[in-house]
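Colleague: after the sequence you'll find the predicted model.
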Amino acid sequence: MNVYDSTRMRDALAVHGYQETSVPSKADVILVNTCHIREKASEKLFSELGRLAREKKKNALVVVAGCVVQADGVEILRRSKLIDIAVGPQNYHLLPELILKYQRKNGRVIRADFPAESKFDYLPIPQKSGASAFLAVQEGCDHFCSYCVVPYTRGCEFSRPMKEIVSEAKALVKAGAKEIMLLGQNVNGWHGDKGKDLGDVIREVAKIRGLKRIRYTTSYPSETTKNLILAHADTPKLMPYIHLPIQSGSNRVLKAMNRQYTVEEYEKVVAAFRKVRPDIAISSDFIVGFPGETEADFEETLKLVERVGYASSFSFKFSARPGTPASLMKNQIPEEIKTKRLMRLQALLLKQQRAFNEATIGKVFEVLLTEKGKGRGQLLGYSPYLQGTVVKAPVSILGEIVRVKVVGASATSLTAELVKQKNG
Ligand code: 5AD
Ligand code: SF4
């Protein structure tokens, strides 16, 4: 979502004549977009600001955007004199105006309210896109998991209407996108048009000529509808991949987390996806060391992972976030125990990821080549199952979808060779 927001801020500034550069020393305006989800993510802001202080032009404006501003705006301005403008995630469409305001007053500006009108109504139509593009269809969250800051930083759930999504998707395809990743903190809770759900959005977007692939993230397990599951069977452009965070394999911990499903219900949802699309890749998020998590609870998580079999995953140590109920819970778990549990869980998840990747050796599938690889003459692309795939290929086909044969696999990526392309 932050990558999406950054591109939208770039688009909003482009209208006013700004051009993107990745070299801080050249920039007139430096934008630092921040994440507040875990402590480590927020702390990055200050190390980044330290680096920028040394590299930036003397008069360059420093803008800090994102959820850290929403949560701690005044505090970060106090902590770093380098920041000129601070803007929360619901106000970034105002960035050009805030820059003008700063220049007029020559004073620091902060904007972090929840405006009544949607920022999406003010953002320009995207003119620029890579081969793979993000598109926010839903934002915010009403779930209030006891550990999570999102409902406070991004606000309550808001779904964009179907018409608006389709028109942004068309603009992205016109600008060069072949793949669109539909985004939302709770994407399968999309309710932008009465009586419709995310499955309908996917089918509608799939009608766009020139668009080849559709993905979506992140889904909340118990908000999965039959219609969405069926979309995996009837919409060939929808990629066989579902990110379905469970967080913990213990029902006791799930309850304390205020997750609104049980392990058994979660596994039923996984089975339903696999029924319509047996090859679907399943991924998840996990938190270890939630307050009160016992060794037995943690073992339940390992068992769940063994039963489901994940293609990829993200796993984290519980991070006590200010203002969340879980940060105040007794029985906080010592850091060493969290570290040990995370290492055990990640070892298992990585083993599964390697097995999943190795099972694709010898297969032929299509890869969307999105960027240059690290080695000379290499391009990096993504398989239908979102495996990073290194292909020896000329730069001239960057941005294309090509047929490849997988010849090697590691835990983190595939290597593949181009095979004769199908006509058309
Ligand atoms: N501590 C650790 N992990 C967290 N996540 C969200 N909040 C926290 C927290 N306080 C993780 C969850 C979520 C992912 C985006 O970040 O696993 O799914
Ligand atoms: Fe946070 Fe996701 Fe829970 Fe919403 S559903 S509160 S975004 S972890």
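Modeller: On my side now, so go ahead. Residues are numbered from 1 along each chain as shown. Ligands and ions are numbered 1, 2, ... in the order given.

Colleague: all strands of the stretch 151-300 of the chain, in order?
Modeller: Under the criterion DSSP state E, counting those that start in this stretch, the stretch 151-300 of the chain contains strands at 158-159, 179-183, 213-217, 241-243, 281-288.

Colleague: could I get those as JSON lines with mean pLDDT and mean neighbour count?
Modeller: Every residue, glycine included, has its C-beta placed from N, CA and C. Formatted as JSON lines, the strands of the stretch 151-300 of the chain follow (pLDDT from 0 to 100; neighbours: other CB atoms under 10 Å):
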{"stretch": "strand 158-159", "mean pLDDT": "96", "mean neighbour count": "20"}
{"stretch": "strand 179-183", "mean pLDDT": "98", "mean neighbour count": "22"}
{"stretch": "strand 213-217", "mean pLDDT": "98", "mean neighbour count": "23"}
{"stretch": "strand 241-243", "mean pLDDT": "98", "mean neighbour count": "24"}
{"stretch": "strand 281-288", "mean pLDDT": "98", "mean neighbour count": "22"}
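
Colleague: and of those, who's closest to residue 56?
Modeller: strand 179-183 (30.2 Å; CB to CB).

Colleague: hang on, isn't residue 159 packed against residue 136?
Modeller: No. Residue 159 is beyond contact range of residue 136, at 10.1 Å (criterion: CB atoms under 8 Å).

Colleague: identify the contacts common to the two.
Modeller: Contact criterion CB atoms under 8 Å, 6 or more residues apart in numbering; residues shared by residue 159 and residue 136: residue 184.

Colleague: sorry, back to before: mind putting the strands of the stretch 151-300 of the chain in JSON lines, distance to residue 196 included?
Modeller: Conversion of the strands of the stretch 151-300 of the chain to JSON lines gives the following (distance: least, CB to CB, whole Å):
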{"stretch": "strand 158-159", "distance to residue 196": "10"}
{"stretch": "strand 179-183", "distance to residue 196": "14"}
{"stretch": "strand 213-217", "distance to residue 196": "15"}
{"stretch": "strand 241-243", "distance to residue 196": "20"}
{"stretch": "strand 281-288", "distance to residue 196": "25"}
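
Colleague: of those, which approaches residue 127 most closely?
Modeller: Residue 127 lies closest, by CB to CB, to one member of the strands of the stretch 151-300 of the chain: strand 179-183, at 15.9 Å.

Colleague: and that closest one, what does it pack onto?
Modeller: Using 3 or more CB pairs under 8 Å, 6 or more residues apart in numbering; DSSP states H and E, the elements in contact with strand 179-183 are strand 132-136, helix 162-174, helix 198-206, strand 213-217.

Colleague: of the ones you listed, which is nearest residue 117?
Modeller: Closest approach to residue 117 among the helices and strands packed on strand 179-183 (CB to CB): helix 162-174, 13.5 Å.

Colleague: quick check: mean pLDDT of the lengthiest helix in the chain?
Modeller: When the chain is parsed with DSSP state H, its longest helix is helix 335-358. What helix 335-358 shows for mean pLDDT is 98.

Colleague: hmm, who's touching the helix or strand following it?
Modeller: Using DSSP states H and E, the helix or strand that directly follows helix 335-358 along the chain is strand 364-372. Under the criterion CB under 8 Å, 6+ apart, residues 130-132, 178-179, 212-213, 378-384, 389, 391, 393, 395, 397-406, 416, 419 lie in contact with strand 364-372.

Colleague: buried members of those into PyMOL, please.
Modeller: In PyMOL, this line selects whichever of those come out buried by 16 or more other CB atoms under 10 Å:
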select buried, resi 130+131+132+178+179+212+213+379+380+381+382+383+384+389+391+393+398+399+400+401+402+404+406+416
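
Colleague: which ones among the contacts of strand 364-372 lie within strands?
Modeller: Among the contacts of strand 364-372, the ones falling in strands (DSSP state E) are 132, 179, 213, 378-382, 389, 391, 401-406, 416.

Colleague: can you lay out the helices and strands packed on strand 179-183 as JSON lines showing distance to ligand 2?
Modeller: Supplementary listing: the helices and strands packed on strand 179-183 in JSON lines, determined by distance: least, CB to the nearest ligand atom, whole Å:
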{"stretch": "strand 132-136", "distance to ligand 2": "14"}
{"stretch": "helix 162-174", "distance to ligand 2": "20"}
{"stretch": "helix 198-206", "distance to ligand 2": "15"}
{"stretch": "strand 213-217", "distance to ligand 2": "11"}
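
Colleague: residue 335: which of those is closest?
Modeller: strand 213-217 (29.6 Å).

Colleague: okay, the angle between that closest one and strand 364-372?
Modeller: Strand 213-217 runs at 70 degrees relative to strand 364-372, counting by axes from the mean of the first three to the mean of the last three CA atoms, to 10 degrees.

Colleague: could you list the residues in contact with strand 213-217?
Modeller: Contacts of strand 213-217 (CB under 8 Å, 6+ apart): 132, 137, 178-184, 187-188, 198, 202, 205-206, 235, 237-239, 241, 243, 368, 384, 386, 401.

Colleague: quick one: name the residues of the stretch 201-350 of the chain near ligand 2.
Modeller: Residues of the stretch 201-350 of the chain found near ligand 2 (CB under 6 Å from any ligand atom) are residue 220.

Colleague: find the closest residue to ligand 2 in the stretch 201-350 of the chain.
Modeller: Nearest residue of the stretch 201-350 of the chain to ligand 2, counting by CB to the nearest ligand atom: residue 220, 5.3 Å away.
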